[in-house]
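Chemist: Predicted coordinates and the sequence they were generated for:
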Amino acid sequence: MSQVIDVEISSLITKKHIAQFNDDGYTLIKNVFSSKEINQLAMAFDRWKEFGNLIGRTWRKQNTIVWIEDSVVRGMQWPSYHDSVMAKFRLDTRLLEIVEPFIGNNLKQIINQLHWKMPGSKISWPLHRDVRSRQPVEAFKDLFSSWVQTGIAIDHHREENGAMFVVPGSHKDFPADANDQSLYSAVSYKNDPRIKPLIMDPGDVVIWNAFVVHGGGFNSSNYLDRRFYINGYVKAENCTRGEWAWKNGRSVPLTEDNALIQFEKVNEVKEAFYPEDRNISEYVID
Ligand SMILES: O=C(O)CCC(=O)C(=O)O
């Protein structure tokens with residue numbers, strides 16, 4: 001990282017965070033949420049996991065989807081339409097304070113996502129760049145500097161329980177061309193000398209660039225769950241999709257009208273359904 005004298009930009013972001021984000025493609029902000037807040041989020045995660053166990057198979061209602069693989073609840077998108085705890089934290093002013101120096105305060109949201117990795121589960125996220133999921137490409141302008149993904153650690157993230165790995169600097173390895181599909185999957189980076197686990201404690205927040213290589217390994221621990229709350233924001237003027245998050249710094253709560261994000265038929269198919277019953281394959285995306 002370049003030598004930077006550390007100066008606070010806000011109560012959470014310093015010049016070092018900004019330099020690390022620019023140089024490495026990610027930065028970690030420690031102790032953003034208190035243990036009480038994390039307990040609240042952990043309970044919300046558990047309620048959705050129980051919901052997943054009850055419904056038993058991958059299930060969708062408009063933008064909200066619960067992914068179940070081999071009877072294991074592994075992820076979910078857009079709980080916030082139906083869950084006041086998740087909805088509260090997606091618009092928490094501390095998240096705005098963290099992303100604002102990078103993408104401003106007039107923001108839409110594309111990702112509102114929960115990841116579980118239960119001990120011993122066969123869940124992993126092979127190394128990739130998130131640009132792969134920012135589709136269609138033409139809905140996003142200048143993705144490199146208009147998009148930030150955030151992740152809140154609910155549990156301790158350690159190598160043994162499936163912490164995310166990141167390859168610092170890999171966002172600059174190639175021109176940031178969102179149309180270049182050869183960038184999307186990045187499994188060959190597993191032997192890159194720069195790769196490192198992202199060690200997080202509950203309440204820490206990581207933010208990363210759409211072009212940095214990252215992914216997560218297996219949870220091989222016996223007891224440590226590994227839950228991660230992910231919210232991705234984009235400069236509103238550079239994206240034609242998404243739910244509003246903040247308009248010039250003022251938070252915008254969700255309504256029951258779902259915006260077009262990743263589910264193309266969001267306004268055609270309003271009922272809940274099991275995609276399998278309609279011969280629809282649902283892939284886990286990010
Ligand atoms: O949950 C993880 O370990 C990885 C998440 C990830 O790679 C992503 O959200 O793009």
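Modeler: Done, it's in.
Chemist: Up against the ligand, what does this structure have?
Modeler: The chain comes close to the ligand at residues His115, Trp125, Asp130, Gly162, Met164, His214, Gly215, Gly216, Phe228, Ile230, Asp286, as judged by C-beta under 6 Å from any ligand atom. For glycine as for every other residue, the C-beta is placed from the backbone atoms N, C-alpha and C.
Chemist: which non-adjacent residue is nearest the first one?
Modeler: Among residues not flanking His115 along the chain, Phe228 sits closest, at 4.3 Å (C-beta to C-beta, 6 or more residues apart in numbering).
Chemist: What count of nearby residues applies to the nearest residue to Glu276 once chain neighbours are set aside?
Modeler: Nearest residue to Glu276, sequence neighbours excluded (C-beta to C-beta, 6+ apart): Arg57, at 6.0 Å. Residues near Arg57, counting by other C-beta atoms under 10 Å, number 14.
Chemist: just Arg158 next, same as before
Modeler: Residues near Arg158, counting by other C-beta under 10 Å, number 17.
Chemist: Now it. Nearest residue, chain neighbours left out?
Modeler: Ile199 (6.4 Å).
Chemist: What of Ser221?
Modeler: Closest to Ser221 by C-beta to C-beta, 6+ apart is Asn161, at 4.3 Å.
Chemist: mind listing the strands for the stretch 151-286 of the chain?
Modeler: Using DSSP state E, counting those that start in this stretch, the strands of the stretch 151-286 of the chain run over 164-166, 196-197, 205-208, 214-216, 228-235, 243-247, 250-251, 272-273.
Chemist: Which one of these lies nearest to Lys141?
Modeler: Between Lys141 and those, the tightest spacing by C-beta to C-beta is seen for strand 228-235, at 8.4 Å.
Chemist: bridging residues for Leu28?
Modeler: Val206 (DSSP bridges).
Chemist: for the helix or strand hosting Asp46, which positions count as buried?
Modeler: In this assignment (DSSP states H and E), Asp46 forms part of helix 35-55. Buried residues in helix 35-55, counting neighbours by 16 or more other C-beta atoms under 10 Å, are found at Glu37, Ile38, Leu41, Ala42, Ala44, Phe45, Trp48, Lys49, Phe51, Gly52.
Chemist: For the fourth one, give its distance to Val284.
Modeler: Yep, that's Ala42 we're talking about. 22 Å (C-beta to C-beta, to the nearest Å).
Chemist: Pretty sure Trp48 sits against Arg74.
Modeler: No: assessed by C-beta atoms under 8 Å, Trp48 is found out of contact with Arg74, at 11.6 Å.
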